[in-house]
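Visitor: Kindly generate the corresponding structure for this input.
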Amino acid sequence: MPAIPRRWLDQLAIIALAFFWGLNWPAVRIALFEFPPWTFRALGMTAGALFLFCVAKLCGHRLRLSRSELFPVFVAGFLTITAFNLLLAFAQLNAPTSRAVIVTFTLPIWTVILARILLGERLNKRRWLGLGFGIAGLLSLGWPLIMAGTFSFGLFLALLAGISWALGTIVIKWLPVTAPPMSIAGWQLAGGAFVSTIGMLVYEPWILTEGLRWSEFKAEIWVALTHHIVFSQALAYLIWYQLLARLPAGTVSLSTLMVPAIGVVSSVIFLGETPSLPDFIGLGLMTAAAGAVMLPSRRSMASPNAPAT
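Guide: I've put the predicted structure just below:
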């Protein structure tokens, strides 16, 4: 049986990642109906970290980080996991989910710009095209809101989340580590769980005395929580770091522009939200940006095992 070309595997991984994170947007909003934000993030990150540590141990991967790996792993983890997830939890409490997902996924734009400045990554024609579509999508969404004075605090938090993610991505590419991706993701989720637990104890101490009404949770709460922990936290971050180890930061980040499309459509289906015309225009432009980056070049078509660029 012929081996599947690595380029195809990378693109399948990107598509899986887009669905894991895209469906997570309505999942998080549904879960936040029952969970306060700090508690929800503490629970999700703790469970995600334990899941990855168990799988890593079963697979024989090393869990211990060397001294030189501690700084890049935890700084990048704080930016891409801890700050990103906490900012989004509060963003979704203060803005429509379908709009927050589009604003957040300006993150590939910031990543491409920072990667060019700090890492010296070259921008080929397709990356320039993807960047142009992405910026146009952001403007089509954000400009009418700014002019109308309705660019809310929640959307500002979503924008900060995107910038935080981009900075974390640059850190892990700038200071690469040799630890297995599963171990990296596990430790970063553990760091996020630690920070979120402190936030829970400070801002939501009543959880320790009153607890949560677990027995009263509806089925959709359990489905949302399961998806968030297993797919969007554990598996998604594992896939992300495996892709980031093989592909340019700008390419991987621009490819995630499929996430808003899935996030918006699933928010309409599961949350009953109604995006505006600028939302759909921005969504279409950002999807085009992802397509510009993901479509294989002639060179990669000629070499089946060439990485996606």
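Visitor: which residues of the stretch 51-200 of the chain score low on pLDDT?
Guide: Along the stretch 51-200 of the chain, the model assigns pLDDT under 70 to residues 150.
Visitor: if you set the cut-off to 80 instead, what comes out?
Guide: Where the stretch 51-200 of the chain drops to pLDDT under 80, the residues are 98-99, 102, 105-106, 108-109, 123-124, 126-127, 134, 138, 141-151.
Visitor: residue ranges for the helices of it, please.
Guide: Remark: helices assigned in the stretch 51-200 of the chain by DSSP state H, counting those that start in this stretch are 67-77, 84-94, 97-104, 107-114, 125-148, 153-174, 181-203.
Visitor: Looking at the ones you listed, which is nearest to Val264?
Guide: helix 97-104 (4.6 Å; CB to CB). C-beta: built from backbone N, CA, C; applies to glycine.
Visitor: And that closest one, what does it pack against?
Guide: helix 6-31, helix 84-94, helix 125-148, helix 153-174, helix 258-271, helix 277-294 (3 or more CB pairs under 8 Å, 6 or more residues apart in numbering; DSSP states H and E).
Visitor: Give me the angle between that helix and helix 277-294.
Guide: Between helix 97-104 and helix 277-294, the angle comes out at 50 degrees (axes from the mean of the first three to the mean of the last three CA atoms, to 10 degrees).
Visitor: mind checking how far helix 97-104 is from the chain centre?
Guide: 12 Å (CA atoms, centre = their mean, to the nearest Å).
Visitor: Ok, which of the helices and strands packed on helix 97-104 comes nearest Trp187?
Guide: Short answer: helix 153-174, nearest of these by CB to CB, at 12.2 Å.
Visitor: now that closest one against helix 84-94, angle please.
Guide: Using the same axes, to 10 degrees: helix 153-174 against helix 84-94 is 170 degrees.
Visitor: What helices and strands are in contact with helix 153-174?
Guide: helix 67-77, helix 84-94, helix 97-104, helix 107-114, helix 236-246, helix 249-255.
Visitor: between the helices and strands packed on helix 97-104, which one is nearest to Gly60?
Guide: So among these, helix 6-31 is nearest, using CB to CB, at 21.8 Å.
Visitor: Pipe the helices and strands packed on helix 97-104 into a markdown table and attach distance to Arg41 per row.
Guide: Below are these laid out as a markdown table (distance: least, CB to CB, whole Å):
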| stretch | distance to Arg41 |
| --- | --- |
| helix 6-31 | 9 |
| helix 84-94 | 5 |
| helix 125-148 | 26 |
| helix 153-174 | 13 |
| helix 258-271 | 18 |
| helix 277-294 | 26 |
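Visitor: Can I get the helices of the stretch 51-200 of the chain in CSV including distance to Leu17?
Guide: Formatted as CSV, the helices of the stretch 51-200 of the chain follow (distance: least, CB to CB, whole Å):
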stretch, distance to Leu17
helix 67-77, 17
helix 84-94, 15
helix 97-104, 14
helix 107-114, 13
helix 125-148, 17
helix 153-174, 13
helix 181-203, 12
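Visitor: Distance from the chain centre to stretch 156-174, please.
Guide: Distance, centroid of stretch 156-174 to centroid of chain: 10 Å (CA atoms, centre = their mean).
Visitor: I meant stretch 179-199, not that one.
Guide: Distance, centroid of stretch 179-199 to centroid of chain: 15 Å (CA atoms, centre = their mean).
Visitor: Give me the buried positions along it.
Guide: Neighbour counts over stretch 179-199 (16 or more other CB atoms under 10 Å) mark 179-193, 195-197, 199 as buried.
Visitor: Now do the contacts for Ala89.
Guide: Applying CB atoms under 8 Å, 6 or more residues apart in numbering, we find Ala89 in contact with Val28, Leu32, Pro37, Trp38, Phe40, Arg41.
Visitor: same thing with Pro72?
Guide: Val171, Ile172, Trp174, Leu175, Pro176, Val177.
Visitor: The fifth one: neighbouring residues, count only.
Guide: When counting by other CB atoms under 10 Å, one arrives at 12 neighbours for Pro176.
Visitor: mind listing what it touches?
Guide: Taking CB under 8 Å, 6+ apart, one finds Pro72, Ala245 in contact with Pro176.
Visitor: coming back round to it: any idea which of the helices and strands packed on helix 153-174 gets closest to Gly137?
Guide: Per CB to CB, nearest to Gly137 of the helices and strands packed on helix 153-174: helix 97-104, 7.5 Å.
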